[in-house]
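Undergrad: Fold the following for me, if possible:
(2 chains)
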Amino acid sequence: MINYERYQLKNGLTILIHNDTATPMAAVNVLYKVGSRDENPQKTGLAHLLEHLMFSGSLNAPNFDHIIQSAGGENNAFTNNDITNYYDIVPANNLETALFLEADRMNNLILKEDKFEVQKKVVIEEFKETCLEKPYGMIWHNLSQMAFKQNHYQWPTIGFNIKQIEDITLQDVKDFYKNFYSPNNAILSIAGNLDIEKTKALVQQYFDNIPSSPVQRTNNPIEPAQNRMRSRTQTGKVPLHSIHLAFHMPDRLSKEYMALDLLSDILASGDSARMVKSLSKESEIFSYIDVYITGTQGPGLFLVEGKLEEGTDLVAAEKAIWEVLETIKKEEVTTKELIICQNKFESALVFSEMSVLNKTINLGYFESIGKPEMINNEAELYKSITPADIKKVARKLITKKNCSRLIIKKKNK
Amino acid sequence: MSKIPVPKIHPIQDISLPTFGHQKLSNDIPVYVVNKGLQKALKVEIVFDAGRPFEDMPLVSRVMTSLFKKGTKQFNEYEIAEKFDYYGASLKSILNLDQVKMTIYSLTKDLEDLLPVVKSVLTEPLFEEKHLARYKRNFLIDLEINLQKNDVVAYRTFTEKLFGAEHYYGYNSSKELLEAISTEDIHHHFNRCINASNAQIFISGGLNDDTIELVNKHLGDLPLGEKQQPQQVAVVDNPVKISIQRKNNLQASLRIGQRTISRRHEDFTDFWILNTLLGGYFGSRLMTEVREKNGLTYNIYSSIDNLIYDSYFYISADVNAADLTATIQCIENELMKLRTELISEEELVVLKNYILGNFLTMIDGPFSIMATVKSFLIHNGNVESFDDLIQSVQSITPERIRANANKYLDFNDMYCVTVG
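TA: Residues are numbered from 1 along each chain as shown, chains lettered A, B, ... in the order given. Next up, the predicted model:
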C-alpha cells in the first residue's frame, strides 16, 4: 500500500507526495502530458527532441547536469506516444535542488541555436543506432503505419524519418515548449525520505508562481474501425523470417484493456506460457515468440510476433499462431492460468515497491491517466477479470478483419 | 523573469555499508545475508567458480549455463518454468565470465516451494542431446546476427587482442568451438565445478525467521567436490591499432583501452575516480566533449572491467562513420588534458558529490547493499575496502588525479579497435 497526499496548486500543477523512510534518497518526477501523438504529422520527432533539449540549461540553472550531480543526484527522461517524463533521484537532504531545477526548466528553459543543432545530431545518431543499424529496427515504423491511417499513433516517438527530424526548426521547438510545458499540463510526484509539510512548502516556493497557460492540442483523429485484413510482406537484412500481427484494442481505462493484457501474459509471459510452450519450446516452429500490448492511453494495439526457426515454412508458422488464437476464442482459459497471472501481478507489485524511483514514476503515470488510486488497486481490478471476459474480448477483437499482418522475409544471400 | 538562486547543496555525510550476516551451511558453503526492507520479497544468488578461468574446453561454461533449466531427473523444462511462473518468481542462470550464478527472485513466503526445484537443477540436470542440438542451432544464428554488428566485432577483436586468442578472457565464440562441445563435456564441467566446495550464497531482502534454515535444509547437503583453480595462461601484451573496414555502414564502433590495475592495487581507488571523471557519468569529459559539444555520438563512456584474475580499462562509442577520426582525436586530446592539466576546483566538487551520491544508491535497499557487499568480497576479499574508496573520494586532489592519468592513461600504450 502506497500512502500519498495529492493536491493542486492554483496554477493547475498536480502534486503527489509519498513518504518512504526506508531509503536515504528522494525521487522527483515531472510528467508532461505531451507525447508524439501531439505532434504535427509533418513534424514528427519534436516531442522527443525537446526532451533532449530540456537538459541544455535554463535561466537560473545554466547547466542542469552539473547542478544535479553536485547534489549527488542522477536524472534521466523518456518520451512515448502519450507523455514526456523526467525524473531525478538525489540524496534526501538535497531534495530542494531537484525541485529548483525542475521548476526552472518548466518556466525558463533556454533554447539556443548551437545546442539545438548538436542535439539534433545526437538524435539522428540515436535514430541510426536504434532503428537503421539494428535488424528488425524499422518494424515499429512499418507496423504502426499499417495499423493507423488517421490516428497519430502511426509514427514512433523517435520520428517518422531522419528527414523530418532534420527539418525541425528552433522555432518549432520553442512553440512546442511554450504550448505544452505549463504547470496545468504537468504532474509533479515526489517520494522518499522526506517531511511532507516541508516538502509542500518547497513545492509552493518553487512552483507556485509559474504561470499557467492554455494548451492547444492538434487535431488527432480517432482511428476508424478497420474492416478488412491489411497485409504486407517485405524482404529485409534480417537473420530469420518474422511474422507480426497487430490487432486494434480499446483504451487504457476499459475493462477489455485489462482482459487483453492478461491474455498477452497467458499466451507468452514466461517459458510455461501457451504460445511459448507450444509454438517455440515443443514444436520448434519459432525460435522466439512474444505477445504484448502497446499500453497506450488511447486505443492501441495487441501484438503477436515471432521469429521463425531456420527452415520453417512461413505459411505453416502463421497458421500455427492462428490455431492458438482460435482456441482462446473457443474455450475459456483455465483458472490456473489466470491465477498465475494474478500471482505475477502481486509479486511484480511487491518488487516495484522496493524502489522509490519506481513508486514516484508510477504515481505520476497513474495520475496522468486520471486514476491515481490505481497505484494501489490495479491488482484488485485485474482480479475481477474472468475467463469469460477474456474469451469475449478475444472473440470480438482477435479477428482477421481487425488485423494488420507484416511479414519480414530474410533476404537470400 | 525573476532571478532565483541555486539552493545550497548539502554535503553527503555518513556513508557506511550496513552490517550483514555471515554464516555457513552444513556443507560449509559460506552464506552472506542482508535482511532488510519492509517488503517480504527476496533474492537468493548461488555463485559457483565455474566460469571461463575454470574451463577444460572453451565455451563449455556458457553452454552449461544456458542448458541448466532444460530439465532434471525430477522435473522437465516446463515443470521448472511453471513452478516459478506460478508464483510470479524467477530463476535465472547467468554467466559473467568468471562465475556461474543461479539467481532466484521470489516473494519470501514462496521460497520454500521453490527450493526443491533449485536443488534438483543444481544436483541432477540432464543436459540432454536434443537440447544441446537446438541450442547450437540457435547459437549459430545469433552469432551470425552478432557478427554483423560493428559493436560486437569491436568488442571481440579488442578482448582477443588484449589477452590473446588462447587466453580464457581472450577467446571468442565460434562455430568450431561450439561444435566441439558434447553433452559429456558439459557433465564433466558440471561435476567439477557445480558443488558445495566451489559455491557461495548471497541472500537479501525482507526475510522470515526461518529463511536461512530453509536454504540449509535444501542446499546444505549439496555434495562437496574439489576446489577448482584457474588455469595458468600467459597474456600476450602488444598494443595494436586495428581498423576493420566495412561497407555501407552508417555508424562505426570504437574500443580503445588496455589491461589495467586490479582492485587490490593501492592506486585503484584513485584510478577509479579518474575513470569516472573521464567517462563514467553523464557529466564526464568524454560525454561533454564528444556528445554534448560536438554531437558526434549518442553515447560514449569509459569503464574498468574488473575480472577476478585480471582487469582492463576501455572507452567505447558508436559514432557517425564519417566522424570516426575526429572522435579518436577528441579522445586523445581528453586523455592528454588529464595528463597535463589540473582539474578545476569546481569540476572536482561536482565529481566528488556525484560519486558520493552514487554510493548512497549503492546502499539503498537490501538488493543494492548485497550487490555492493558481494562485489567487495569477491574482488577485494573484504568489505573494509568500501570505506577506503569513500576515503579516497573525500581526500582526492587535482594533483593525484593528474598523477594517475600519467601512470594509467597513455594513449600510446593503448589498443585501439575501430569497425565500420
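
Undergrad: Could you list every helix and strand that the helix or strand in which residue A:203 is found packs against?
TA: Residue A:203 is part of helix A:196-207 when elements are defined by DSSP states H and E. Packing partners of helix A:196-207 (3 or more C-beta pairs under 8 Å, 6 or more residues apart in numbering or on different chains; DSSP states H and E): strand A:14-19, helix A:95-107, strand A:186-192. Backbone N, C-alpha and C define where each C-beta goes, glycine included.

Undergrad: which residues of the stretch 251-400 of chain A fall in helices?
TA: A:255-268, A:274-275, A:314-330, A:335-352, A:356-368, A:374-383, A:387-397 (DSSP state H, counting those that start in this stretch).

Undergrad: Run a quick neighbour tally on residue B:211.
TA: 19 (other C-beta atoms under 10 Å in any protein chain shown).

Undergrad: so it makes contact with residue B:42?
TA: Yes - counting by C-beta atoms under 8 Å, residue B:211 does reach residue B:42; the two are 7.1 Å apart.

Undergrad: got any residues that touch both of the two?
TA: Each of B:108, B:111, B:203 lies in contact with both residue B:211 and residue B:42 under the rule C-beta atoms under 8 Å, 6 or more residues apart in numbering or on different chains.

Undergrad: Grab the nearest non-local neighbour of residue A:369.
TA: residue A:252 (5.4 Å; C-beta to C-beta, 6 or more residues apart in numbering or on different chains).

Undergrad: Three-state assignment for residue B:58, please.
TA: For residue B:58, the assignment made with DSSP: H, G, I helix; E, B strand; the rest coil gives coil.

Undergrad: measure it to residue B:51 for me?
TA: 12 Å (C-beta to C-beta, to the nearest Å).

Undergrad: same deal with residue B:296?
TA: 36 Å.

Undergrad: Next, the contact list for residue B:220, please.
TA: Residue B:220 makes contact with B:25, B:26, B:27, B:29, according to C-beta under 8 Å, 6+ apart.

Undergrad: Next to chain A, which bits of the stretch 101-250 of chain B? Give me the list.
TA: By C-beta under 8 Å from any C-beta of the partner chain, the part of the stretch 101-250 of chain B that sits against chain A consists of B:105-107, B:134, B:137-138, B:141-142, B:144-145, B:148-150, B:249-250.

Undergrad: Can you tell me which of those lies closest to residue A:80?
TA: Residue A:80 lies nearest to residue B:250 out of those, by C-beta to C-beta, at 24.9 Å.

Undergrad: Run a quick neighbour tally on that closest one.
TA: Neighbour count of residue B:250, defined by other C-beta under 10 Å: 18.

Undergrad: Just the pLDDT for it.
TA: pLDDT for residue B:250: 78.

Undergrad: Equivalent analysis for the one 3 residues further on, please.
TA: pLDDT for residue B:253: 94.

Undergrad: try residue B:146
TA: For residue B:146, the predicted pLDDT is 89.

Undergrad: Give me the neighbour count for it.
TA: Residues lying near residue B:146 (other C-beta under 10 Å) number 15.

Undergrad: right, and it touches residue B:140 too?
TA: No - judged on C-beta under 8 Å, residue B:146 makes no contact with residue B:140 at a distance of 10.5 Å.

Undergrad: Look up how far residue A:299 lies from the closest residue to residue A:164 other than its chain neighbours.
TA: Excluding its sequence neighbours, the residue lying closest to residue A:164 (C-beta to C-beta, 6+ apart) is residue A:44, at 5.2 Å. Per C-beta to C-beta, residue A:44 is found 20 Å from residue A:299.

Undergrad: Of those two, give the one with the bigger neighbour count.
TA: The neighbour comparison of residue A:44 against residue A:299 (other C-beta under 10 Å) goes to residue A:44, with 23 against 19.

Undergrad: mind listing what's buried in stretch B:95-110?
TA: B:95, B:97-102, B:104-108, B:110 (16 or more other C-beta atoms under 10 Å in any protein chain shown).

Undergrad: Close to chain B: what parts of the stretch 251-400 of chain A are there?
TA: Residues of the stretch 251-400 of chain A found near chain B (C-beta under 8 Å from any C-beta) are A:269-273, A:277, A:281, A:284, A:287, A:309-310, A:339-340, A:343-348, A:350-351, A:353-356.

Undergrad: could you redo the last one with a cut-off of 6 Å?
TA: A:270, A:271, A:272, A:287, A:340, A:343, A:344, A:347, A:350, A:351, A:353, A:354 (C-beta under 6 Å from any C-beta of the partner chain).

Undergrad: Quick check: the residue of chain B nearest chain A.
TA: Closest residue of chain B to chain A, C-beta to the nearest C-beta: residue B:357 (2.2 Å).

Undergrad: burial of that residue, as a residue count?
TA: Counted by other C-beta under 10 Å, the residues lying close to residue B:357 total 25.

Undergrad: Ok, the one 3 residues further on next?
TA: A count of neighbours around residue B:360, defined by other C-beta under 10 Å, yields 21.

Undergrad: same thing with the one 4 residues further on?
TA: For residue B:364, the number of neighbouring residues by other C-beta under 10 Å comes to 22.

Undergrad: Same question for residue A:317.
TA: Applying other C-beta under 10 Å, we find 22 residues neighbouring residue A:317.

Undergrad: Ok, residue B:142 next?
TA: 13.

Undergrad: what sits against the residue nearest to residue A:164?
TA: When contacts are counted by C-beta atoms under 6 Å, 6 or more residues apart in numbering or on different chains, residue A:44 touches A:155, A:159, A:160, A:164.

Undergrad: now with 10 Å?
TA: Contact analysis of residue A:44 by C-beta atoms under 10 Å, 6 or more residues apart in numbering or on different chains lists A:36, A:152, A:154-161, A:164-165, A:168.

Undergrad: Just flag the most distant two among these.
TA: A:154 and A:168 (18.3 Å).

Undergrad: circling back to that earlier point, which among the helices and strands packed on helix A:196-207 is found nearest to residue B:362?
TA: Judging the helices and strands packed on helix A:196-207 by C-beta to C-beta, what sits closest to residue B:362 is strand A:186-192, at 16.4 Å.

Undergrad: Only alpha carbons, please: show that closest one as PDB.
TA: Extracted C-alpha coordinates of strand A:186-192, given in PDB (Å, rounded to 0.1, in the frame of the first residue of the first chain):
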ATOM      1  CA  ALA A 186       2.100  18.700 -15.700                       C
ATOM      2  CA  ILE A 187       2.200  16.300 -12.800                       C
ATOM      3  CA  LEU A 188       4.800  16.500 -10.100                       C
ATOM      4  CA  SER A 189       5.300  13.400  -7.900                       C
ATOM      5  CA  ILE A 190       7.800  13.200  -5.100                       C
ATOM      6  CA  ALA A 191       8.700  10.300  -2.900                       C
ATOM      7  CA  GLY A 192      11.500   9.400  -0.500                       C
END
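
Undergrad: Tell me the strands beside it, with direction?
TA: Here strand A:186-192 has these sheet partners by DSSP bridges: strand A:14-19 (parallel), strand A:25-32 (antiparallel).

Undergrad: Which element, helix or strand, includes the residue in chain A that chain B sits nearest to?
TA: Across chain A, the shortest distance to chain B (C-beta to the nearest C-beta) belongs to residue A:72, at 2.2 Å. In the assignment (DSSP H and E), residue A:72 maps to no helix and no strand.

Undergrad: who's in contact with it?
TA: A:25, A:89-91, A:93-94, A:97, B:9-12, B:350, B:352-361.

Undergrad: among those, which are in strands?
TA: A:25, A:89, A:90, A:91 (DSSP state E).

Undergrad: and the residue nearest to the spatial centre of chain B, what are its phi and psi?
TA: Nearest to the mean C-alpha position of chain B, by C-alpha atoms, centre = their mean, lies residue B:96 at 6.2 Å. Phi and psi for residue B:96, reported as degrees, to the nearest 10, are phi -120, psi 50.
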